[in-house]
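> Can you look at this prediction? I've put the sequence above it.
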Amino acid sequence: MTHMTPHVAETFVFQAAACRSLGSPFTANLCELLLKNLNDSSRFGGRIINWPDSARADALALRACGALHWLARSGNARELAALYPPLETKPEVLWEAIADAIVRHDDALYDFLDSPPQTNEVARSSALLGLALRLAGRLRMPLALYEIGASAGLNLAFDRYHYLLGEEREWGDSDALVHIDSEWRGNLPPLETELEIASRAGCDRNPLDPHDPASVERQLAYIWADQHERIGRISAALTAAAAMPYAVDNSDAADWVEAKLAEPPLEGVARVFFHTIVWQYLPRAAKDRITAAFSEASAAATEATPLIWMYMESEDHPAGAILKQTVWPGGELETMGLADYHGRWVDWV
Ligand SMILES: C[S@@+](CC[C@H](N)C(=O)[O-])C[C@H]1O[C@@H](n2cnc3c(N)ncnc32)[C@H](O)[C@@H]1O
């Protein structure tokens with residue numbers, strides 16, 4: 001029986017190391033089990049081990065782990081589910097259950113591999129809350145939100161969640177459906193500032209529907225199985241989002257930004273465009289179009305119709321994602337802080 005081709009094997013080795021460093025030993029072990037044992041005796045196995053050169057770019061290892069987690073959560077593979085976290089299982093026992101599940105559910109697992117992993121990390125809302133509080137304190141006007149690459153739109157509701165921000169600091173209604181634990185350090189944003197959201201809009205090239213149970217289950221499957229807090233938090237946020245009166249537009253980022261910026265601004269409302277962990281997925285041409293659209297629209301921004309572009313993006317910093325913003329009129333690019341990719345902490349400048 002054939003095992004993984006070298007570039008596929010390399011993807012699983014890379015993903016195991018990444019999962020271990022990001023706090024998911026279970027998914028790291030799962031990647032290593034698949035690396036060692038998967039073969040072409042099933043359609044699922046054959047498809048993975050012979051994946052084209054794009055394996056790493058396609059996040060193949062996360063597709064495979066997502067497929068198995070989805071099956072374990074589905075209720076259709078109880079023997080496998082029983083060995084998933086929180087239980088700690090010997091690798092050879094877990095592999096036996098996985099091998100059996102692959103035989104029984106081969107077609108469904110094979111089909112799950114079709115789409116790239118996509119989730120919506122709601123704890124990134126902690127960084128957005130801080131940025132918005134600073135803006136509200138500075139501009140003293142309501143904010144109209146526009147999120148680029150919003151996924152399920154969970155972070156468009158950042159002001160509806162309850163936050164524990166370290167050192168006995170809290171923000172929001174403690175009865176909120178969603179609780180976010182995120183340690184704020186450094187030069188903290190003004191927690192007492194009044195925050196008024198005038199409107200919410202978002203776009204994604206593949207919006208995830210919080211009303212669709214299959215879409216919700218798929219999103220939860222991509223969250224690493226031993227990260228119970230993330231699963232609980234995102235699950236609660238999806239429930240909350242299903243009751244919110246806005247939807248994410250199915251649109252390409254550059255088209256959408258150009259169209260939204262072409263709409264006449266309202267006097268006394270600040271337009272706040274933002275994105276979290278999206279920029280790296282946009283082609284060069286889309287980035288150039290978005291940058292040009294801001295450059296053009298910003299020329300017309302006034303004190304009564306300010307325009308903001310803010311983001312949390314990788315920018316290759318080794319410790320986390322950089323928070324930056326530009327406020328027009330003015331137009332200075334300001335560095336606001338550094339945030340953990342999953343929102344566990346924010347270091348404010
Ligand atoms: C890593 S996810 C981040 C989602 C969300 N911003 C978050 O922080 O949880 C990247 C998102 O960008 C979206 N995306 C990628 N390219 C896009 C494009 N050209 N236009 C619109 N959305 C895009 C993807 O569909 C996906 O939802």
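Nice, I can see it.
> can you pull the contacts of residue 63?
Residue 63 makes contacts with 112-113, 115-117, as judged by CB atoms under 8 Å, 6 or more residues apart in numbering. Glycine gets a C-beta too; all of them are placed from N, C-alpha and C.
> What residues of stretch 87-96 count as buried?
89, 94-96 (16 or more other CB atoms under 10 Å).
> what's next to that stretch, contact-wise?
Contacts to stretch 87-96, defined as CB under 8 Å, 6+ apart, come from residues 29-30, 32-33, 37, 83.
> Walking through this structure, point out its helices one by one.
Applying DSSP state H to the chain gives helices spanning 6-21, 25-37, 43-49, 60-74, 78-83, 91-104, 106-112, 125-139, 213-221, 228-242, 253-262, 284-298.
> Could you provide these in JSON lines, with additional columns for mean pLDDT?
Compiled in JSON lines, those are given as follows (pLDDT from 0 to 100):
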{"stretch": "helix 6-21", "mean pLDDT": "95"}
{"stretch": "helix 25-37", "mean pLDDT": "97"}
{"stretch": "helix 43-49", "mean pLDDT": "98"}
{"stretch": "helix 60-74", "mean pLDDT": "98"}
{"stretch": "helix 78-83", "mean pLDDT": "96"}
{"stretch": "helix 91-104", "mean pLDDT": "97"}
{"stretch": "helix 106-112", "mean pLDDT": "98"}
{"stretch": "helix 125-139", "mean pLDDT": "98"}
{"stretch": "helix 213-221", "mean pLDDT": "95"}
{"stretch": "helix 228-242", "mean pLDDT": "94"}
{"stretch": "helix 253-262", "mean pLDDT": "98"}
{"stretch": "helix 284-298", "mean pLDDT": "98"}
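> re earlier: hmm, which two among the contacts of stretch 87-96 are most spread apart?
Greatest spatial distance in these: 32 and 83, 15.8 Å, computed using CB to CB.
> near the ligand, which residues of the stretch 51-200 of the chain show up?
Contacts of the stretch 51-200 of the chain with the ligand, taken as CB under 6 Å from any ligand atom, map to 118, 120-121, 124, 149, 151, 155.
> domain ranges for this protein?
With domains defined by automatic domain parsing, the chain comprises 6-112, 122-348.
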